[in-house]
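K.L.:
Mind looking at a prediction? Sequence and model below.
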Amino acid sequence: MSYYRHHVFFCCNQRAPGERTCCNDKGATRVRDYAKQRVKELGLSGPGQVRINQAGCLDRCEQGPCIVVYPEGVWYTYVDEDDIDEIIERHLQQGEIVERLRIR
């Protein structure tokens, strides 16, 4: 069994101005902090449950700010905290992939 049931990586890469787009320009660090706090509030964090982590470049920044959820290897994009709430509720709590936010 894995140490965490779900491991969620947020791309929080920051590039220099004028370079290729990056997730942090779209609020990735702020939204990652929100997700981390929300998972704690819901009692979902810790061993055997959910871990929210920051990652460097996941190389999909052009598809919007992105996260990847393991062990499933499902990639998502998001616009705001409401999207993150939906991913937490439907994917992390109910085991359902949120197709409208999924990156293929």
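P.N.:
Great, that's in hand.

K.L.:
how about the helices in the protein?
P.N.:
With helices called from DSSP state H, the chain shows them at 28-41, 81-86.

K.L.:
tell me the most buried of the ones you listed?
P.N.:
Among the helices of the chain, helix 28-41 has the highest mean neighbour count (mean count of other CB atoms under 10 Å), at a mean of 17. Quick note: C-beta positions are derived from backbone N, CA and C, even for glycine.

K.L.:
Now do that helix: everything it contacts.
P.N.:
Helix 28-41 has contacts (CB atoms under 8 Å, 6 or more residues apart in numbering) with 8, 10-13, 45, 50, 52, 54, 65, 78, 80-81, 84-85, 88, 92.

K.L.:
Quick check: ChimeraX command selecting the buried ones in the residues you listed.
P.N.:
Of these, the buried ones go into a single ChimeraX selection, burial set by 16 or more other CB atoms under 10 Å:
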select :8,10,11,12,13,45,50,52,65,78,84,88,92
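
K.L.:
Just list whatever residues bridge to the residue nearest the centre of the chain.
P.N.:
Nearest to the mean C-alpha position of the chain, by CA atoms, centre = their mean, lies Ile67 at 3.5 Å. In this entry, Ile67 is beta-bridged to Phe10, Tyr76, by DSSP bridges.

K.L.:
Might one say that it is in contact with Tyr76?
P.N.:
Yes. When contacts are counted by CB atoms under 8 Å, Ile67 is listed as touching Tyr76 (5.2 Å).

K.L.:
Mind listing the shared neighbours of the two?
P.N.:
Joint contacts of Ile67 and Tyr76 (CB under 8 Å, 6+ apart) are Ile87.

K.L.:
Do I have it right that Gln49 meets Tyr4?
P.N.:
Yes. Gln49 is within contact range of Tyr4, at 6.6 Å (criterion: CB under 8 Å).
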